[in-house]
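Participant: Have a look; sequence and predicted model below, questions after that.
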Amino acid sequence: MAFLDNSGDIILDAVLTDTGRARLAKGDGSFSVVKFALGDDEIDYELYDLTQPSGSAYYDLEIMQTPILEAFTNNTSILKHRLISLPRTNLLYLPVILLNQTFEGNATSTVVAGTPAPTGVFLIGVDQATEDALFAATTFTPDSSGLMMGERPASGGGYIRADQGLNTTEISPAFTLDADLVETQYIIRLDNRFGQICNKDGELASVSFVDDDNIASYYFSLGTDTQYVHENSDTDTLATQVIGGPRGTFVEFKVRASLELNTSDYLFDVIGGATTMTIPAAPPNETYKFIDSMIRVTGATTGYALDIPVRFAKIVVP
């Protein structure tokens, strides 16, 4: 990995993704480039200088000369901020995707004081013993505390919801979001060694593909995957909504722990850690093994990406 010298002529540096290289390696003549993606991960737009004494032609000089990374194929490290094409020039706000932590008290991910995980992390119990310990509490509501059932997701627990739209108070949510700003497809990525995406009823989703880094990608579309993607028809200003302006869609899902985490301590011992966590209405200072990871939700239409921290936990049974 290196930076390209961007101080002179424009350089086009392109590579095939891991999937593209695998298809090219087949050598059957079927390989054809039909899609490409652009990103601006390295660019800091605050470098745009309206006070540049040399004139408007130099306002963006520092941006244009910012060194950029050479192309590389690891999809887990590139294109977090994808570029999109919008022909209109009258847009004051662009759509975002935000984690909804307040909807009906069921999707709260900010773990409150006294519960067994860092603030802002979804805690996923990977086996029944861990679920029983986590959900033994009677002093708080498990569905609203960022706690998820990794072995029996159909039995209850929290879930993840992300909302999309224009997050501004200057435009009323009663206005309809323009069609070209509505997110119609979501891509959800997570480490396939740790878990799988499922709906709120615990039914597993079909994985689209798993790359060479064990990152699984799931594609969910509006109108097709009706248990995951929904239109946000709520036009009122409510505490259960996180988008302040016009709203588009939202995606919701749970995570089922992998069989390996459920039945083995190997990954916990190799790449995880151990800690004591105090749980209400349960024996104090229980020891848990854990693995911290991320789930990335990306809008295929808008290119916006949201990273959601999760912790897979397993109680140490004496």
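Facilitator: Yep, that arrived. Residues are numbered from 1 along each chain as shown.
Participant: Give me the domain ranges for this protein.
Facilitator: Per automatic domain parsing, the structural domains of the chain span 1-83, 96-315.
Participant: Mean pLDDT lowest where, among these?
Facilitator: Among these, domain 1-83 has the lowest mean pLDDT, at a mean of 79.
Participant: Mean neighbour count, the domains of the chain: which tops it?
Facilitator: For those, the largest average neighbour count (mean count of other C-beta atoms under 10 Å) is found in domain 96-315, namely a mean of 18. All C-beta atoms are positioned from the backbone trio N, CA, C, and that covers glycine.
Participant: end to end, how far does that domain reach?
Facilitator: 37 Å (C-alpha to C-alpha, to the nearest Å).
Participant: for stretch 86-100, same thing?
Facilitator: This stretch, stretch 86-100, spans 26 Å end to end (C-alpha to C-alpha).
Participant: going forward can the numbers begin at 7, since that is how I track them
Facilitator: OK, 7 is where the count begins now, so the last one is stretch 92-106.
Participant: Tell me the gap between it and the middle of its chain.
Facilitator: 18 Å (C-alpha atoms, centre = their mean, to the nearest Å).
Participant: cool, and stretch 192-200?
Facilitator: A distance of 9 Å separates the C-alpha centroid of stretch 192-200 from that of its chain, computed with C-alpha atoms, centre = their mean.
Participant: Which stretches in the chain count as helices?
Facilitator: 24-31, 67-70, 134-140, 265-269, 272-277 (DSSP state H).
Participant: which other helices and strands contact the longest one?
Facilitator: The elements that helix 24-31 packs onto, with contact taken as 3 or more C-beta pairs under 8 Å, 6 or more residues apart in numbering; DSSP states H and E, do not include any helix or strand.
Participant: Next, the residues that contact that helix from outside, please.
Facilitator: Helix 24-31 has contacts (C-beta atoms under 8 Å, 6 or more residues apart in numbering) with Leu22, Ser36, Phe37, Val39, Thr79, Asn80, Asn81, Phe215, Asp217, Asp218.
Participant: any idea how far the fifth one is from Arg199?
Facilitator: So the one you mean is Thr79. Thr79 is 20 Å from Arg199, where distance means C-beta to C-beta, to the nearest Å.
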